[in-house]
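Novice: following is a predicted model, sequence given first.
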Number of protein chains: 2
Amino acid sequence: MAKKPLILISNDDGYQAKGLKVLIEAARPFGRLLVVAPDKGESGMSHAISIKHPLRLTKQHEEQDLSIYSINGTPVDAVKIALNQIVDEKPALLLSGVNHGSNASISVIYSGTLGAAREGCLNGVPSVGFSLLNHDKDADFSMLEGYLPQMIKQALEHGLADQTFLNINFPDVKTNEIKGVKVCRKTKGVWKEEYEKRVDPHGGEYYWLTGSFNNFEPNADDTDEWALARNYIAVVPTQIDTTSYQELENIRKWDWYGK
Amino acid sequence: MAKKPLILISNDDGYQAKGLKVLIEAARPFGRLLVVAPDKGESGMSHAISIKHPLRLTKQHEEQDLSIYSINGTPVDAVKIALNQIVDEKPALLLSGVNHGSNASISVIYSGTLGAAREGCLNGVPSVGFSLLNHDKDADFSMLEGYLPQMIKQALEHGLADQTFLNINFPDVKTNEIKGVKVCRKTKGVWKEEYEKRVDPHGGEYYWLTGSFNNFEPNADDTDEWALARNYIAVVPTQIDTTSYQELENIRKWDWYGK
């Protein structure tokens, strides 16, 4: 009998997060699972790596075809150390999430969950990030159970193009409200930050990050935000290359030397 | 007389870094400078934001047309708070760096310096990140003094296309060795991590991140790594959109529902 494929799993909400457990359960029938996840919430850590402090791995759980480690680092650290220190074998798949909260549109760049998926992709592992549009730590992930196994199955069967990973977001609705799966482009938009300024008991001022999403193209029906707002599951094929090919010629025309 | 343009400056090596001072001096003739930079080194912080701890701003310096603040946060935090709390006026330009160390190829995604530039770009500010291929804190930046003013002048005159910023890397050589400025695409490559495992005095194991760059296309003469290795200054127009348009149709063909 062929050896089951190795599946690497991570997230940014930490190894005890409910969303991670949902993903583990969905993936179990498909392979041997290696879970390496941050020891605490690492939301908003993007593609950050730990340079100034050393990393420690703690084995939290071990049973047949399932090992769970925590790490005192970022999601990208978790993926790097898994690939470099824990296994010699290249995983057949990397799954990240399920994130508690949206990673649609520009959130892909702030997200630690997608940082983990991007790092897997960079290392040649087909990688998929999953997120539910509900930040609550006790969010109801039951709807996803009807979709995750088939998505994992398809990812294992098809793989992904070189330097490409998937960013999949689920609307926070019940199964009977889901319209379907829509493959989309990333919405153009920005988080408008509205810091909340406070004063500490000693008179010092400090700021908490708050903010709201500003969609630059709310009516574009090929975007992930449009799909999610209409109860579609949104899938965005996402690439590593960020070169703006269309601007190369314009920038070449600059007077670089001030002649 | 027209008011001088407002130029926002940040970095990831901290407000006391030599590279930041070089950038400030190069930019001074062109505008009113607002500098907001991390209070300590924040290399490798990518596009991370601070969610769990509040931010504090400290004014470090104030003179005619030059204000310098430090912040206990990431480079992206610095840009966000500058745009949202310090000035009402949208800057004419954002400059980030000069980073001590390369941000060519895939390092653009790990770099806090480029995180700051990306955040400016997201907010509609023409943004440029600068890096020198020398990690030393006392690196010699004198060659850059012959190029930075003209680059800043050109950025102010031309601006940049919507959702596009520039990633400019300088080779670590003397002025007479520079071959010129080359506008390039981002090199395909990956950091191969080789963690250094150590044991603490109490018997606990820990890992330090090390690693080396693996260039997947060392002979591609249109890439930034190729140019830098041949003493060109490399300029990569970099975009926000990471949708893989060529994969949209392939992914649509997946059997999403397991029918």
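Specialist: Alright, I've got the coordinates.
Novice: report the contact partners of residue A:200.
Specialist: Contact analysis of residue A:200 by Cβ atoms under 8 Å, 6 or more residues apart in numbering or on different chains lists residue A:206. C-betas here are computed from N, CA, C, even on glycine.
Novice: not counting residues beside it along the chain, what's closest to residue A:215?
Specialist: Counting by Cβ to Cβ, 6 or more residues apart in numbering or on different chains, residue A:215 lies nearest to residue A:189, which is 4.5 Å off, once chain neighbours are set aside.
Novice: which pLDDT does the model give that neighbour?
Specialist: If you check residue A:189, the pLDDT there is 97.
Novice: for residue A:124, see how far away it is.
Specialist: Separation of residue A:189 from residue A:124 (Cβ to Cβ, to the nearest Å) stands at 31 Å.
Novice: please, where are all the helices along the stretch 101-250 of chain A?
Specialist: A:107-110, A:112-122, A:148-158, A:224-229, A:248-252 (DSSP state H, counting those that start in this stretch).
Novice: check which helices and strands the fourth one is in contact with.
Specialist: Here helix A:224-229 is seen to pack against strand A:164-170, strand A:232-239 when contacts are counted using 3 or more Cβ pairs under 8 Å, 6 or more residues apart in numbering or on different chains; DSSP states H and E.
Novice: okay, buried residues for it please.
Specialist: A:224-228 (16 or more other Cβ atoms under 10 Å in any protein chain shown).
Novice: of these, closest to chain B?
Specialist: Nearest to chain B among the buried residues of helix A:224-229 is residue A:224, at 9.1 Å by Cβ to the nearest Cβ.
Novice: the closest one touches residue A:188, doesn't it?
Specialist: No. Using Cβ atoms under 8 Å, residue A:224 makes no contact with residue A:188, being 10.7 Å away.
Novice: mutual contacts of the two, please.
Specialist: Counting by Cβ under 8 Å, 6+ apart, the shared contacts of residue A:224 and residue A:188 are residue A:105.
Novice: coming back round to it: and for the residue nearest to residue A:215, the neighbour number?
Specialist: 20 (other Cβ atoms under 10 Å in any protein chain shown).
Novice: was I right to think it contacts residue A:211?
Specialist: No. With contact defined as Cβ under 8 Å, residue A:189 and residue A:211 do not form a contacting pair (11.8 Å).
Novice: all the strands of chain A, in order from the start?
Specialist: A:6-10, A:32-38, A:57-63, A:66-71, A:93-100, A:127-132, A:164-170, A:180-183, A:189-192, A:196-199, A:205-208, A:212-215, A:232-239 (DSSP state E).
Novice: how about those strands in TSV, adding distance to residue B:68?
Specialist: Converted to TSV, the strands of chain A look like this (distance: least, Cβ to Cβ, whole Å):
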stretch	distance to residue B:68
strand A:6-10	38
strand A:32-38	34
strand A:57-63	40
strand A:66-71	36
strand A:93-100	37
strand A:127-132	38
strand A:164-170	38
strand A:180-183	47
strand A:189-192	26
strand A:196-199	20
strand A:205-208	18
strand A:212-215	29
strand A:232-239	37
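Novice: which one is residue A:243 nearest to, not counting chain neighbours?
Specialist: Counting by Cβ to Cβ, 6+ apart, the nearest residue to residue A:243 once its immediate chain neighbours are dropped is residue B:185, at 4.1 Å.
Novice: show me the contacts for residue A:172.
Specialist: Counted by Cβ under 8 Å, 6+ apart, residue A:172 has contacts A:132-134, A:139.
Novice: run the last query once more with 6 Å
Specialist: A:133-134 (Cβ atoms under 6 Å, 6 or more residues apart in numbering or on different chains).
Novice: same thing with residue A:214?
Specialist: Contacts of residue A:214 by Cβ under 6 Å, 6+ apart are A:189-190, A:192.
Novice: let's see 8 Å
Specialist: Contacts here follow Cβ under 8 Å, 6+ apart; on that basis residue A:214 touches A:189-192.
Novice: of the residues you listed, which is the nearest to chain B?
Specialist: residue A:190 (4.9 Å).
Novice: any figure for the gap between the closest one and residue B:80?
Specialist: According to Cβ to Cβ, residue A:190 stands 11 Å off from residue B:80.
Novice: do I have it right that residue A:184 meets residue A:233?
Specialist: No. Between residue A:184 and residue A:233 there is no contact under Cβ under 8 Å: 9.9 Å.
Novice: need the overlap of contacts for these two.
Specialist: Residues touching both residue A:184 and residue A:233 by Cβ under 8 Å, 6+ apart: residue A:227.
Novice: tell me which of those two has more neighbours.
Specialist: Taking neighbours as other Cβ under 10 Å, residue A:184 and residue A:233 compare with residue A:184 leading, 27 against 24.
Novice: now that one: closest residue in space, sequence neighbours ignored.
Specialist: Once flanking residues are discounted, residue A:184 sits nearest to residue A:224: 4.4 Å by Cβ to Cβ, 6+ apart.
Novice: kindly report the same for residue A:136.
Specialist: Per Cβ to Cβ, 6+ apart, closest to residue A:136 is residue A:100, 6.7 Å.
Novice: got it, and residue A:240?
Specialist: Closest to residue A:240 by Cβ to Cβ, 6+ apart is residue A:163, at 4.4 Å.
Novice: show me the contacts for residue A:213.
Specialist: For residue A:213, the contact set (Cβ under 8 Å, 6+ apart) comprises A:105-107, A:189-192.
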